[in-house]
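Visitor: Fold the following for me, if possible:
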Amino acid sequence: MPKGYIQLLFNEKPANTTYTAGSYCWVLESEAAQYIANGMAVEYGKESDLPKDMPGREALIKAGVKSIEEVMQIEDFDEIEGIGQSTEKKILEYLDGR
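Guide: Next comes the predicted model:
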């Protein structure tokens, strides 16, 4: 980890930057604090309680799903961008194994 930087996951694109929604970027601590305070980003690793090995984790997080409990309440995974039938099957198998 670069000293003086924090890795963020951007929820939306801040104006006048090259950061994009859904991207992970190393950002100066002083800038990161502003993006977090404005709700534009969250610190990487703190964006969700989903296990790191959860299939489709990134797509679920981008869709606002932050916990296993929320995943278990999803009735139609096709409505989540980035999750197709293959990933849905992996998610369901993952949940069955817990």
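
Visitor: spatially speaking, which residue is in the middle of this protein?
Guide: Geometric centre of the chain, nearest residue: Ile61, 3.4 Å, by C-alpha atoms, centre = their mean.

Visitor: secondary structure class for that one?
Guide: For Ile61, the assignment made with DSSP: H, G, I helix; E, B strand; the rest coil gives helix.

Visitor: Lys90 versus that one, what's the distance?
Guide: Ile61 is 16 Å from Lys90, where distance means C-beta to C-beta, to the nearest Å. Every C-beta, even on glycine, is put in place using the N, C-alpha and C of the backbone.

Visitor: that older thread, help me confirm that the residue nearest to the centre of the chain comes into contact with Ser48.
Guide: Yes: shown here, Ile61 and Ser48 form a contact pair, counting by C-beta atoms under 8 Å, at 4.9 Å.

Visitor: Which strand residues bridge Gln7?
Guide: For Gln7, the residues forming beta bridges with it (DSSP bridges) are Trp26.

Visitor: was I right about it contacting Val42?
Guide: No: contact between Gln7 and Val42 fails when scored by C-beta under 8 Å: they sit 10.2 Å apart.

Visitor: Where does the record place the domain boundaries for the protein?
Guide: Residue ranges for each domain of the chain read 5-43, 57-96, as given by automatic domain parsing.

Visitor: Mind putting those into TSV with mean pLDDT?
Guide: Output for those, formatted as TSV (pLDDT from 0 to 100):
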stretch	mean pLDDT
domain 5-43	90
domain 57-96	91
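
Visitor: For Glu93, which three-state class applies?
Guide: Under three-state DSSP, the three-state class of Glu93 is helix.

Visitor: what's the closest non-adjacent residue to Ser23?
Guide: Once its chain neighbours are removed from consideration, Ser23 has its nearest residue in Phe10; the separation is 5.4 Å (C-beta to C-beta, 6 or more residues apart in numbering).
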